[in-house]
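Student: Got a sequence here, can you model it:
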Amino acid sequence: MINNGSTGSAQVFLQSARELAARLQRDGSPEAEEMVAEAQTLAEAFRRWEIHRPENGVRLGTIKQLMDLNRRAMDYLTQSPNGRQ
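Tutor: As a prediction, the model looks like this:
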């Protein structure tokens, strides 16, 4: 069941996904571009939360995806010469 109404945290997660995508775009590598696409997909999901709250399982899974992507991106960027900007 999907509840109507936004989640209070949607904006925080949306901003985080957008900032991560922007940082990865500056790297410009094919690996970074794959993560950019993933971050943009997550940002779109979080944007939809502003209108319709997802089920708790979906919500927690999507947040976990963002945290996993953030960890992978930070690991990648610390190894990439372009990511150390």
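
Student: Find the residue closest to residue 43 in space, skipping its chain neighbours.
Tutor: Distances taken as C-beta to C-beta, 6 or more residues apart in numbering place residue 17 nearest to residue 43, at 3.8 Å, with adjacent residues excluded. C-betas here are computed from N, CA, C, even on glycine.

Student: Just the element for that neighbour, please.
Tutor: Using DSSP states H and E, residue 17 maps to helix 10-27.

Student: Just the buried positions in that helix, please.
Tutor: By neighbour count with 16 or more other C-beta atoms under 10 Å, helix 10-27 contains the buried residues 10, 13-14, 16-18, 20-21, 23-24, 27.

Student: nearest to residue 64, of these?
Tutor: For these, the minimum distance to residue 64 (C-beta to C-beta) is 11.2 Å, reached by residue 13.

Student: before we move on, back to that, distance check, the residue nearest to residue 43 against residue 60.
Tutor: Distance of residue 17 to residue 60, computed by C-beta to C-beta, to the nearest Å: 16 Å.

Student: okay, and for the protein, where does confidence drop off?
Tutor: Within the chain, the segments meeting pLDDT under 70 span 1-7, 82-85.

Student: What segments of it are helices?
Tutor: Under the criterion DSSP state H, helices of the chain are mapped to 10-27, 30-49, 56-79.

Student: Tell me the gap between stretch 72-85 and the middle of its chain.
Tutor: Mean-position distance between stretch 72-85 and its chain equals 16 Å (C-alpha atoms, centre = their mean, to the nearest Å).
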